[in-house]
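Novice: model the structure of this input:
(one chain, ligands or ions: 1)
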Amino acid sequence: MSLNDYLNNNAPANLASVIQGLAEAAKVIDHLVRRNGLAGDLGSDIGGTNSDGDSQKALDVRSEEIIIEKLQNTGAAALLSEEQDDPVPLSPSGDVIVAVDPLDGSSNISVNVTIGTIFSILPSHGDAAANSLQKGRDQLGAGFFTYGPQTTLIMAFADHDDVACFTLDPDQGEFVLTRSGITIPETTKEFAINSAYANHWFEPMQRWMADTLAGKDGPLGQDYRMRWVGSLVSDAWRIFQRGGVFLYPADQRKGNETGRLRLVYEANPIALLAEKSGGKATEGTKAILDIMPSHLHQRVPLFFGARSEIDRLENEHR
Ligand code: P6P
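Specialist: Prediction:
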């Protein structure tokens, strides 16, 4: 089944047109990724910084331009982006808002590691400020694309209990349904974290990891393995395909006291997919989807995946 057929059968018309626009943008971004280095270095810093002072890569900016172009006339009223301070107006008559991380994993562009585009679709209330500050529980749909060995899409809608995966068929140039009914197993032996910051973690994370690393001789009675790509979409795709748990805690490093990942256009979309897949997504004590954003680029700790492991982590935070 093609993406268009899946959308026609399962999505409200306004969401279908927005996702079709995002899919067209993903095809163009994918082509740029595959040609990186052949026609300039899209992983190079362009000297600018985004709203939060992160250095911008050429592909960050170009990806956003492509998304804005492809969302014209799709029913999206405005775009909220990691690369912008303020909403980017699209269709005045639009009734949804699209929040994006146009290119997640920018530091990996120049080293041929999977990167992607993350999106969240929210209702438009006709007021820019109100549109920017909505709980993830209010999302109408969410998902992400990966640009890696395969070009893929995973998405879900709020009023439809299915998480579906698509692969871009390079021969047809179309996204084709490859899996649906995605579920994250209740338990796992695989965790994803950047352990280089272990000495900066707060106590709950330290305790969780100590029990985990104790392995089969410890309180959990099983050995674990670790995977860390350093690209959220890549680690997340693996977890939605074979299970696992992802952990990006706050830590005591300057600037990471409330976490690294962004609530509105990274944590919320992933959290919707995680809950729809039978997993959990928390910041330690509260479901990601229940957090009211204080500002568009708010950072949060993000833990998602296997329910039993997230429960264990939340118990450590009590
Ligand atoms: P670290 C990429 O820069 C990103 O925002 C996410 O995609 C990824 O999960 C995380 O940062 C990696 O962070 O601290 O391991 O470099």
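Novice: report the contact partners of the closest residue to residue 71 other than its chain neighbours.
Specialist: Nearest residue to residue 71, sequence neighbours excluded (CB to CB, 6 or more residues apart in numbering): residue 21, at 4.7 Å. Using the backbone N, CA and C atoms, a C-beta is placed for each residue, glycine as well. Applying CB atoms under 8 Å, 6 or more residues apart in numbering to residue 21 gives the contacts 70, 71, 72, 74, 76.
Novice: tell me which of the residues you listed fall in helices.
Specialist: 70, 71 (DSSP state H).
Novice: how about the contacts of residue 21 in CSV, adding pLDDT, distance to residue 309 and neighbour count?
Specialist: Below are these laid out as CSV (pLDDT from 0 to 100; distance: CB to CB, whole Å; neighbours: other CB atoms under 10 Å):
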residue, pLDDT, distance to residue 309, neighbour count
70, 98, 37, 21
71, 98, 36, 26
72, 96, 42, 10
74, 94, 38, 21
76, 95, 36, 27
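Novice: rebuild the contacts of residue 21 as TSV, extending it with distance to residue 262.
Specialist: Supplementary listing: the contacts of residue 21 in TSV, determined by distance: CB to CB, whole Å:
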residue	distance to residue 262
70	22
71	19
72	25
74	23
76	19
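Novice: helix, strand, or coil at the closest residue in space to residue 216 that isn't next to it in sequence?
Specialist: Closest residue to residue 216 apart from its sequence neighbours, by CB to CB, 6+ apart: residue 223 at 5.1 Å. Under the three-state scheme (DSSP: H, G, I helix; E, B strand; the rest coil), residue 223 adopts coil.
Novice: am I right that residue 223 is in contact with residue 212?
Specialist: No - Residue 223 is not in contact with residue 212 according to CB atoms under 8 Å; the separation is 9.5 Å.
Novice: tell me which of these two has more neighbours.
Specialist: Shown here are residue 223 and residue 212; by other CB atoms under 10 Å, residue 212 has more neighbours (23 against 13).
Novice: surely the more buried one touches residue 222?
Specialist: No - checked against CB under 8 Å, the pair residue 212 and residue 222 is beyond contact range at 9.3 Å.
Novice: quick check: residues of the stretch 51-200 of the chain near the ligand?
Specialist: Contact residues (CB under 6 Å from any ligand atom) of the stretch 51-200 of the chain with the ligand: 104, 105, 107, 194.
Novice: if we use 8 Å, what do you get?
Specialist: Listed as neighbours of the ligand in the stretch 51-200 of the chain under the rule CB under 8 Å from any ligand atom: 101, 104, 105, 106, 107, 108, 115, 194, 196, 197.
Novice: which parts of the stretch 201-318 of the chain are strands?
Specialist: 225-226, 245-248, 261-262, 280-282, 299-300, 302-305 (DSSP state E, counting those that start in this stretch).
Novice: typed the wrong thing, it's the stretch 1-150 of the chain
Specialist: Going by DSSP E, counting those that start in this stretch, the stretch 1-150 of the chain shows strands at 45-49, 55-57, 76-81, 88-89, 96-104, 115-123, 141-147.
Novice: report the contact partners of residue 212.
Specialist: Neighbouring residues of residue 212 by CB under 8 Å, 6+ apart: 191, 218, 220, 224.
Novice: swap the cut-off to 6 Å and go again
Specialist: When contacts are counted by CB atoms under 6 Å, 6 or more residues apart in numbering, residue 212 touches residue 224.
Novice: endpoints of stretch 194-210, how far apart?
Specialist: 15 Å (CA to CA, to the nearest Å).
Novice: could you check how far it is from the centre of its chain?
Specialist: On the basis of CA atoms, centre = their mean, to the nearest Å, stretch 194-210 is displaced by 23 Å from the centre of the chain it belongs to.
Novice: can you list the residues that contact that stretch?
Specialist: By CB under 6 Å, 6+ apart, the surrounding residues in contact with stretch 194-210 are 228, 249, 251, 252, 253, 313, 316, 317.
Novice: circling back to that earlier point, out of the contacts of residue 21, which is nearest to residue 33?
Specialist: If you rank those by distance to residue 33 using CB to CB, residue 70 comes first, at 15.9 Å.
Novice: the closest one against residue 25, yeah?
Specialist: Yes - counting by CB atoms under 6 Å, residue 70 does reach residue 25; the two are 4.0 Å apart.
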